[in-house]
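A.B. asks: Sequence unavailable; structure follows:
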């Protein structure tokens, strides 16, 4: 939401926050960017451990048509701060959601 002074606030469950290099990353930011891609039908982002043991954003994408991992990473990187970009992408048939439509991140 945007407050009266024009400051943007992102709200999400604290448990969903990704802490990478001491910086807080909210998955919703990357998800919003991903949904804006014309070949993305649905998307979710979670934190996963990389080979060095650091938590990094990984996107799960339901695509429409042709789309490559490099395309997704570049799309997000061009629209968010460098430390918020997704580092990996998995293409899936559907994003798991509960009856209310909320993403079941633990199932990813």
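C.D. replies: It's in. Just so it is clear, the model here is predicted, and its values are computed rather than measured.
A.B. asks: So which residues of the chain form helices?
C.D. replies: For the chain, the helices defined by DSSP state H occupy 27-35, 69-77.
A.B. asks: quick one, which of these is nearest to residue 54?
C.D. replies: When the helices of the chain are compared by CB to CB, helix 27-35 sits nearest residue 54, at 16.0 Å. Bear in mind the C-beta positions are built from the backbone N, C-alpha and C, glycine included.
A.B. asks: Show me what the spatially most central residue of the chain bridges to in the sheet.
C.D. replies: Centrality entry for the chain: nearest residue to the mean C-alpha point is residue 45, 3.1 Å, by CA atoms, centre = their mean. Taking DSSP bridges as the rule, residue 45 bridges to residue 59.
A.B. asks: Kindly reformat the helices of the chain as CSV containing distance to residue 94.
C.D. replies: CSV is the format used below for the helices of the chain (distance: least, CB to CB, whole Å):
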stretch, distance to residue 94
helix 27-35, 15
helix 69-77, 17
